[in-house]
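Visitor: Dropping a prediction and its sequence here:
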Amino acid sequence: MQEKFATYGAFWPHYLAEHRRPATRALHGAGTVAGVALLMAAVWLREPLLLLAAPAAGYGPAWVGHALVERNRPATFRHPLWSLASDFRMVALMATGRLGRELERHGIR
């Protein structure tokens, strides 16, 4: 069943709930950092093959987390843009130590 969300604000709590386990969030963080690093390296080094590796490095660990840790389907397949934005938001909150408060605010333990 595909969830319907009228706004990004309505999607965000759902996204957090789909990432309630720390291991899943860690895999997302690692993938996001790796994907962005490869994109930056591709531009810096003018190496187009790195552009192909970036999505695999970014999404691969995240999808492993969903399959093996959360045991749910990644939101990327249903809401690709909101999911990508939420991934960057979640990783930024993790990096700044504010994710715990955000999870609590949405009642996610």
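Guide: Okay, I see it.

Visitor: From here on, just use CA atoms for contacts and neighbour counts.
Guide: Will do.

Visitor: quick one: pLDDT of Q2?
Guide: Model confidence at Q2, given as pLDDT, is 61.

Visitor: Centre-most residue in this structure?
Guide: In the chain, the residue lying closest to the centroid (Cα atoms, centre = their mean) is D87, at 3.1 Å.

Visitor: Isn't it up against H28?
Guide: Yes: assessed by Cα atoms under 8 Å, D87 is found in contact with H28 at 7.4 Å.

Visitor: May I see the buried residues of stretch 54-64?
Guide: A54, P55, A57, G58, Y59, G60, P61, A62, W63, V64 (16 or more other Cα atoms under 10 Å).

Visitor: same question, stretch 62-74
Guide: If you call a residue buried by 16+ other Cα under 10 Å, then stretch 62-74 has these buried ones: A62, W63, V64, G65, H66, V69, E70, P74.

Visitor: Please put the alpha-carbon coordinates of it into CSV.
Guide: The C-alpha atoms that make up stretch 62-74 are tabulated as CSV, following Å, rounded to 0.1, in the frame of the first residue of the first chain:
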residue,chain,number,x,y,z
ALA,A,62,20.8,2.6,2.7
TRP,A,63,18.9,-0.2,0.9
VAL,A,64,20.9,-2.8,2.8
GLY,A,65,19.8,-1.1,6.0
HIS,A,66,16.1,-1.3,5.0
ALA,A,67,16.4,-4.9,3.9
LEU,A,68,18.4,-6.3,6.8
VAL,A,69,17.8,-4.0,9.7
GLU,A,70,14.4,-2.3,9.3
ARG,A,71,12.9,-4.9,7.1
ASN,A,72,10.9,-2.4,5.2
ARG,A,73,10.8,-0.9,1.7
PRO,A,74,12.9,2.2,1.2
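
Visitor: Since that was my last question, I'll sign off now.
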